[in-house]
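Undergrad: Provide a 3D model corresponding to the input given below.
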Amino acid sequence: MKSTLTAGASATRQITIDTPRTIDFLGENLRVYATPELVRDFEISCREFLLGYTDSGEDSVGTGISISHGGATLRGMTVTITVTVAKIEGRSVTFDLLARDDLEEISRGTHSRFVVEVEKLRAKVAAKAAKIGG
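TA: Numbering: from 1, shown residues only. From the prediction side, this is the model:
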């Protein structure tokens with residue numbers, strides 16, 4: 001991981017809420033941004049940001065997330081996601097998260113990621129799969 005990554009660094013991403021990002025269990029008139037999709041969008045935003053600071057052969061994996069999701073964002077609205085590096089401890093990076101739709105703040109929280117060497121992770125996963133006969 002590059003030493004140029006510092007606390008306070010941030011990135012912003014805009015997403016238009018399409019049908020696959022919405023819940024369906026309350027009917028067509030209540031298709032709003034689904035919490036699992038919001039979590040996915042936060043994770044993707046943080047990973048993409050970190051890729052700008054990783055060395056060749058590195059990537060990152062999520063290790064924890066805690067968010068609130070208090071606003072109903074309708075299909076077709078735009079959500080602005082801002083991720084800000086809060087803390088760096090070795091290869092562990094913690095982000096502060098914020099999401100706003102066209103009208104209000106809809107979510108805030110934290111997400112932690114760990115920068116991994118892909119080949120080392122691949123070997124660990126292969127060893128685990130071998131233990132279970134996979």
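Undergrad: tally of neighbours for the nearest residue to Val32 once chain neighbours are set aside?
TA: Nearest-residue entry for Val32: Ala72, 4.4 Å, with adjacent residues in sequence omitted and distances by Cβ to Cβ, 6 or more residues apart in numbering. All C-beta spots, glycine's among them, are computed from the backbone N, C-alpha and C. By the criterion of other Cβ atoms under 10 Å, Ala72 has 14 neighbours.
Undergrad: Return the residues in contact with Ala72.
TA: Applying Cβ atoms under 8 Å, 6 or more residues apart in numbering to Ala72 gives the contacts 32-33, 106.
Undergrad: Most neighbours among those residues, which one is it?
TA: When neighbours are taken as other Cβ under 10 Å, the top entry among the contacts of Ala72 is Tyr33 (26 neighbours).
Undergrad: Just the ones of the contacts of Ala72 in strands?
TA: Using DSSP state E, the subset of these located in strands is Ile106.
Undergrad: Export the contacts of Ala72 as CSV, with columns for distance to Asp55 and pLDDT.
TA: Formatted as CSV, these follow (distance: Cβ to Cβ, whole Å; pLDDT from 0 to 100):
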residue, distance to Asp55, pLDDT
Val32, 40, 97
Tyr33, 35, 98
Ile106, 35, 98
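Undergrad: quick revisit: pull up the per-residue confidence for the residue nearest to Val32.
TA: Here, the pLDDT recorded for Ala72 equals 95.
Undergrad: For it, give its distance to Leu26.
TA: Here the criterion is Cβ to Cβ, to the nearest Å. By it, Ala72 lies 10 Å from Leu26.
Undergrad: and the residue nearest to Val32, what are its phi and psi?
TA: The phi/psi pair for Ala72 (degrees, to the nearest 10) reads phi -90, psi 110.
Undergrad: I appreciate the help and will end here.
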